[in-house]
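Visitor: I would like to see how this sequence folds:
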Amino acid sequence: MPHSCHSRFCNACGVKYAKQLAAKATSFCLDCPHRHIVFTIPEELRNWFRQDRTRLNLLFVAARNTICILVNRSLLKKLKTKQLRNTHYIFKDIPVRNEFGMIATIHTFGRGLKWNPHIHCLVPELVYSQKTNKLKMFHHFNFSRLRKTFQYQLIHLIIESGGLSKLEERNRLYKEHPKGFYVYAKSKSDNNDSNNGKNIQGCINYFIHYAARPHG
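Guide: Below you'll find the model as predicted:
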């Protein structure tokens, strides 16, 4: 009589789980080039997230806000001139924004198996304009802007949640990380890289193995 342990630690069940996730992701992914983006946080912030793991959701929100700002640069400039404050989900209530796609998963440890929460995202290089009701390609990911925007958005969300209450703590994070928090978003120009390019199945298979691994 066949049995299954349903554990991701199991060589058989874990592989099956990864394949099922990949098939599900493939079913709703767009047929276009995708970008694998990794958002990481500095070591001095990791313990704050470990104290209360419900705070890990802020990493997803910060990653979402960062990409939203990147594909809505002109909208951001207009809001700054009107001096509107940031909301938890930026641009959520604005009907003329550009919409983007994203599949995101969290990985709570690094290669050394130490606590190191970071977000893996799979983002199609395609956005939908609500204003024009059209799809348009979006290839350019400004790495410097990605890092600094993610840094600002995450610090803003942490403050909003009651962390980094002291001004000197916030200033130190900006001073010690002048280029922003590290974000990996390799260019799609390397067409042989399984993380990028038009090979969407290769992108998904590489991305999903992070989601299928057991977390710390």
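Visitor: stretch 161-181: how far from the chain's middle?
Guide: 20 Å (Cα atoms, centre = their mean, to the nearest Å).
Visitor: same check, this time on stretch 46-62
Guide: 13 Å.
Visitor: who touches that stretch?
Guide: Here stretch 46-62 makes contact (Cβ atoms under 8 Å, 6 or more residues apart in numbering) with 39, 41, 88-89, 104, 106, 108, 115-119, 150, 153-154, 157-158, 161, 163. Heads up, the C-betas are built off the backbone N, CA and C, glycines and all.
Visitor: now that stretch: buried residues?
Guide: Buried positions in stretch 46-62, judged by neighbour count with 16 or more other Cβ atoms under 10 Å: 46, 49, 55, 58, 59, 60, 61, 62.
Visitor: start to end distance for it?
Guide: Using Cα to Cα, to the nearest Å, the end-to-end distance of stretch 46-62 comes out at 15 Å.
Visitor: same check, this time on stretch 161-178
Guide: End to end - Cα to Cα - stretch 161-178 spans 23 Å.
Visitor: for the record, mean pLDDT for it?
Guide: Average pLDDT, stretch 161-178: 89.
Visitor: how about stretch 185-192?
Guide: 55.
Visitor: could you do stretch 23-36 as well?
Guide: Averaging pLDDT residue by residue across stretch 23-36 gives 80.
Visitor: partners of the helix or strand encompassing residue 127, with directions?
Guide: According to DSSP states H and E, residue 127 maps onto strand 126-129. Here strand 126-129 has these sheet partners by DSSP bridges: strand 98-100 (antiparallel), strand 134-137 (antiparallel).
Visitor: and the ones you listed, which is most packed in?
Guide: Comparing the strands paired with strand 126-129 by mean neighbour count (mean count of other Cβ atoms under 10 Å), strand 98-100 comes out on top with a mean of 17.
Visitor: so, low pLDDT: which residues of the chain?
Guide: For the chain, the stretches with pLDDT under 70 are 1-3, 6-12, 14, 81-86, 187-199, 207, 209-216.
Visitor: for it, which segments count as helices?
Guide: 11-28, 43-51, 57-70, 73-81, 143-160, 167-176, 200-212 (DSSP state H).
Visitor: got the CA positions of the first one in CSV?
Guide: So that's helix 11-28. Only the C-alpha atoms of helix 11-28 are listed here, as CSV (Å, rounded to 0.1, in the frame of the first residue of the first chain):
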residue,chain,number,x,y,z
ASN,A,11,13.6,13.3,-1.3
ALA,A,12,10.5,11.9,-3.0
CYS,A,13,7.8,14.1,-1.5
GLY,A,14,9.9,17.2,-1.6
VAL,A,15,10.6,16.8,-5.3
LYS,A,16,6.9,16.1,-6.0
TYR,A,17,5.9,19.2,-4.1
ALA,A,18,8.4,21.3,-6.1
LYS,A,19,7.0,20.0,-9.4
GLN,A,20,3.4,20.6,-8.4
LEU,A,21,4.3,24.2,-7.4
ALA,A,22,6.1,24.7,-10.7
ALA,A,23,3.1,23.4,-12.7
LYS,A,24,0.8,25.7,-10.8
ALA,A,25,3.0,28.7,-11.4
THR,A,26,3.4,28.0,-15.1
SER,A,27,-0.4,27.9,-15.5
PHE,A,28,-0.8,31.6,-14.7
